[in-house]
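Undergrad: heads up, no residue letters with this:
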């Protein structure tokens with residue numbers, strides 16, 4: 001399993017590559033105004049990501065971990081018997097897709113991308129052996145292992161559900177309680193990787209509602 005810093009290097013390289021490609025588009029002289037607007041927005045987003053790389057890496061790690069759990073669940077539904085009868089083969093054929101040297105094999109593997117990002121192999125995924133991946137226990141084992149290794153705070157399945165319930169049940173006429181519940185929920189969503197959509201990240205530093213709630217809370221403790 002890769003360390004937080006190793007994953008951050010990969011995240012930074014990917015963002016810098018995208019940034020360079022779109023900067024090249026601008027300098028080459030885009031004539032289409034819509035394409036120019038898109039290119040400038042991508043450049044601006046990439047600059048924000050690089051300026052907040054630690055938070056972006058937290059989002060990436062949470063996203064890759066939880067995506068992998070979901071992908072293992074999908075493969076489980078498709079190959080239920082093999083999951084229990086030959087777990088190692090299940091991982092090799094449907095999830096990892098890696099050579100003995102750790103290089104990706106060609107083909108379609110449900111967890112190959114996430115495992116490459118996180119540096120996972122059979123050892124890291126052994127927490128699923130003999131346990132249904134649909135249970136919270138198996139997924140939480142993986143989350144705990146990632147948190148211990150990377151120093152992240154990916155919430156357990158029950159914790160995220162509880163944070164949602166607490167926010168929804170917080171009284172609307174108690175602004176302080178509502179803000180605290182909202183802040184906790186947004187931070188858990190970030191740590192769970194839910195602030196990533198496709199190739200875009202939504203760090204809390206540019207989340208207006210989150211920042212306003214933080215500001216109100218800080219005012220009450222002065």
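TA: Looks like it arrived, so ask away. The model shown is predicted, which means the values in this text are computed figures rather than measured ones.

Undergrad: strands along the protein, start to end?
TA: 196-197, 200-201 (DSSP state E).

Undergrad: need the winner for burial among these.
TA: Stretch with highest mean neighbour count among the strands of the chain: strand 200-201 (a mean of 18; mean count of other C-beta atoms under 10 Å). For glycine as for every other residue, the C-beta is placed from the backbone atoms N, C-alpha and C.

Undergrad: chain center to that one: distance?
TA: From the chain centre to the centre of strand 200-201 is a distance of 10 Å (C-alpha atoms, centre = their mean, to the nearest Å).

Undergrad: pairing partners for it, with directions?
TA: Strands that pair with strand 200-201, judged by DSSP bridges, come out as strand 196-197 (antiparallel).

Undergrad: give the contact list for the residue nearest to the spatial centre of the chain.
TA: In the chain, the centroid-proximal residue (C-alpha atoms, centre = their mean) is residue 63; its distance is 1.6 Å. Contacts for residue 63 were tallied using C-beta atoms under 8 Å, 6 or more residues apart in numbering; they are 192-194, 196.

Undergrad: thinking again about what came up before, closest one to residue 35 among the strands of the chain?
TA: Closest to residue 35 of these is strand 200-201 (C-beta to C-beta; 17.8 Å).

Undergrad: who's in contact with the closest one?
TA: Contacts of strand 200-201 (C-beta under 8 Å, 6+ apart): 45, 49, 56, 59-60, 195.

Undergrad: and for stretch 160-180?
TA: Applying C-beta under 8 Å, 6+ apart, the contact partners of stretch 160-180 are 155, 181-182, 184-185, 188-189, 192, 213-214, 216-217, 220.

Undergrad: one more: stretch 27-45?
TA: For stretch 27-45, contacts defined as C-beta under 8 Å, 6+ apart pick out 18-19, 22-23, 25-26, 200-201.

Undergrad: tell me how far that stretch is from the chain's mean position?
TA: Worked out by C-alpha atoms, centre = their mean, stretch 27-45 lies 27 Å from the chain centre.

Undergrad: same thing with stretch 214-222?
TA: Computed by C-alpha atoms, centre = their mean, the chain-centroid distance of stretch 214-222 equals 29 Å.

Undergrad: fine, thanks again, bye for now.
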